[in-house]
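> Coordinates for the following, if possible.
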Amino acid sequence: MQPYAPPAAPYPGPPRNQGPSGRAPLGFELTEVLSGAWNVFARHWMALCTGLLVVGCLVGVPLMGLYVVGVLVAVAGSSAVASHGGPDPGTAMALAMLGLLAGAIPIIFLLTPIFAARLLRMSLTAVRGGTPAVGDLFRGETRYGAMLALMLLQGLLIGLGYLLFIVPGVILAIGLYFSAFLVVDQRMGAVDAMKASWELTRGRKGEVFGTVLVFGLVAAGCGLVPLVGHFVGYALMMLGMSIVYLRLMGEWAPVLPPPAPYPGAPYGGYPPPYGQQPPYGPAPGYGQPPQAPG
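As a prediction, this is how the structure comes out:
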C-alpha cells in the first residue's frame, strides 16, 4: 500500500434519482411483496374488504337499475315487434342489450373515479403502517378530474396498443400502471402522472409485469371462493402493487425488511436525495509519515 497515493473511491456513489420522490428506487422481491401484502391484509382485512364492498354497491346499484330498465324495455319492445309482425324479436332484444351496454360504460367511467383515488389512498395508508378506515372513502380529496382524465387517456392509449398486435398494449399497460398512484400520492395531473409512471418503470417493466401477473393469478384464485373471494383477491393485489409503487419511489415500506444499505447511506439504507452526500465514501486513512533519521 502506498501511503501517499491519491485517495481512490472504494465504491461507487449512490444511484441517480428517478421519479418525483427525489430518492433512488429500491429493489423488491416477489416473495417479500406477497408476504408483505398478506401481512397487511391480515391486520386490516375488515376495513379493506368492507371498503371494496361499499364501492361495489355504490357503483353497481346504478348499473343494476339500468340493467332492469333495459331488460323491461327490451321485453316490451320485443312483444310489440312480434304483435305487429315486425323484425325478429331476438334482433330487437339484441339491439336493446347493445343500447344497455352503451349506457353502462359512461356510468362506470363517471362513477369509478369518485372512489378509485380513496381506495388507493387506503391501500397506501395500510402499507405505510397506518390504519385505514371505511370512513376514508367519504373524506379527503377524490382527485376526480385528474382520475377521470387519466382513465380516458390510459384507456385510449392501451386500447390502441392492443390493436397493434397486443404486445404494445401490454407494454403500455405496465409502463402506465402507477399513474393513478402518482395522481393520488403526488397530486399530479393525468399527463404528468403517465410520464412519471413510465420513468418509474424504465428498465423494470419485466419485474412489474411478473408481479402483476402473479397477483392477477392470486386474485383469480381467490375469486373462486363464493361471495368474499373477489374482495380478498382485489385487496391483496391493491396492497401488493402499493408496496411495489413505494419501492420504485425509493420509499421503504414498513411491512418489508429494510433494504440493504449501500455504503455510506444514512438511516439504515434509506437513500437520500442524490447530490446531498459526497459521490464517494470516506477516503482511506494515511499512514504515519516516516521519521527523519536522528
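> average model confidence for the strand or helix carrying V33?
Here V33 sits within helix 30-83, counting by DSSP states H and E. Throughout helix 30-83, pLDDT has a mean value of 79.
> Stretch 217-237 now?
91.
> ok, now stretch 244-259?
Mean predicted confidence for stretch 244-259 is 80.
> Likewise for stretch 169-185?
93.
> Only C-alpha atoms, please: export it in CSV.
The C-alpha coordinates for stretch 169-185 follow below in CSV (Å, rounded to 0.1, in the frame of the first residue of the first chain):
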residue,chain,number,x,y,z
GLY,A,169,-50.7,-2.7,-25.3
VAL,A,170,-49.1,-4.9,-22.6
ILE,A,171,-46.0,-2.7,-22.5
LEU,A,172,-48.1,0.5,-22.3
ALA,A,173,-50.3,-1.0,-19.6
ILE,A,174,-47.3,-1.9,-17.4
GLY,A,175,-45.5,1.4,-18.1
LEU,A,176,-48.5,3.4,-17.1
TYR,A,177,-49.6,1.1,-14.3
PHE,A,178,-48.6,3.5,-11.4
SER,A,179,-50.2,6.6,-13.0
ALA,A,180,-53.2,6.5,-10.6
PHE,A,181,-50.9,6.1,-7.6
LEU,A,182,-49.0,9.3,-8.7
VAL,A,183,-52.2,11.2,-9.2
VAL,A,184,-53.3,10.3,-5.6
ASP,A,185,-50.0,10.3,-3.8
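> Now that stretch: buried residues?
Neighbour-count burial for stretch 169-185, counted by 16 or more other CB atoms under 10 Å, picks out 169, 172-185. All C-beta spots, glycine's among them, are computed from the backbone N, C-alpha and C.
> Restricted to strands, list those.
Assigned to strands by DSSP state E, none of the buried residues of stretch 169-185 qualify.
> Just give me the closest of these to V218.
Checking the buried residues of stretch 169-185 against V218 by CB to CB gives Y177 as the nearest, at 16.5 Å.
> Return the distance of that closest one relative to R23.
According to CB to CB, to the nearest Å, Y177 and R23 sit 19 Å apart.
> what do you get for I166?
Taking CB to CB, one finds I166 at 34 Å from R23.
> what's the answer for R43, then?
Taking CB to CB, one finds R43 at 26 Å from R23.
> Looking at these two, which has the bigger crowd around it?
R23 (20 against 15; other CB atoms under 10 Å).
> So that one is in contact with W252, correct?
No: applying CB atoms under 8 Å, one finds R23 not in contact with W252, separated by 9.4 Å.
> Just list the residues touching the nearest residue to A149 once chain neighbours are set aside, thanks.
Sequence neighbours aside, A190 is the residue nearest to A149 in space, at 4.0 Å (criterion: CB to CB, 6 or more residues apart in numbering). By CB atoms under 8 Å, 6 or more residues apart in numbering, the contact set of A190 is 146-147, 149-150, 153, 179, 183.
> and of the residues you listed, the nearest to E199?
Of the contacts of A190, the one sitting nearest to E199 (CB to CB) turns out to be S179, at 11.2 Å.
> so where does Y234 fall, helix or strand?
helix 229-248.
> Which neighbouring elements make contact with that helix?
On a contact count with 3 or more CB pairs under 8 Å, 6 or more residues apart in numbering; DSSP states H and E, helix 229-248 meets helix 30-83, helix 89-127, helix 179-185, helix 205-222.
> So which bits of that helix are buried?
230-248.
> cool, and stretch 148-159?
Those would be 148-151, 153-154, 157-158, for stretch 148-159 by 16+ other CB under 10 Å.
> outside of that stretch, which residues touch it?
Contacts of stretch 148-159 (CB under 8 Å, 6+ apart): 109-110, 112-113, 169, 172-173, 176, 179-180, 183, 189-191, 193-194.
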